[in-house]
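Chemist: Need a 3D model of the following:
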Amino acid sequence: MPTSTAVPVTDPPALPRDLDIRLVVSDMDGSLLDEQGRVPDAFWPVLEQLERRGITFCPASGRQYANLRELFRQHG
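Modeler: Below you'll find the predicted structure:
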């Protein structure tokens, strides 16, 4: 069975201004989270850029809501 390796985003590209993006959804385990099960530090500037643009970010996960809140509360 093939496995995938997450590649961290170290220098996120700027979002194009002419796109009408309103929602970004990301799977957590095996996608957004690093090998230690944490949200990588490189994600937070991306989230801030989304918030400035009025774009909602929604984590998609089978985890309990309280666990997701704790993962994102660690940043503020």
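
Chemist: OK, contacts around Ser61?
Modeler: Each residue near Ser61 by C-beta atoms under 8 Å, 6 or more residues apart in numbering is listed here: 27-29, 68. In this view, the C-beta of every residue, glycine as well, is placed from N, C-alpha and C.

Chemist: Quick one: the helices in this structure, in order.
Modeler: Secondary structure of the chain by DSSP state H: the helices cover 43-52, 65-73.

Chemist: Now that we have the ones you listed, can you turn them into TSV and tack on distance to Asp18?
Modeler: Formatted as TSV, the entries for the helices of the chain read as follows, by distance: least, C-beta to C-beta, whole Å:
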stretch	distance to Asp18
helix 43-52	16
helix 65-73	29
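
Chemist: any low-confidence regions in the protein?
Modeler: Low-confidence segments of the chain, defined by pLDDT under 70: 1-13, 15, 74, 76.

Chemist: redo that, cut-off 50
Modeler: Filtered on pLDDT under 50, the chain yields the residue ranges 1.

Chemist: sorry, back to before: which among the contacts of Ser61 gets closest to Ala60?
Modeler: Using C-beta to C-beta, Asp27 comes nearest to Ala60 of the contacts of Ser61, at 5.2 Å.

Chemist: For that closest one, give the beta-bridge partners.
Modeler: According to DSSP bridges, Ala60 are recorded as the beta-bridge partners of Asp27.

Chemist: So it is in contact with Arg63, correct?
Modeler: No - under the criterion of C-beta atoms under 8 Å, Asp27 is not in contact with Arg63, lying 10.8 Å apart.
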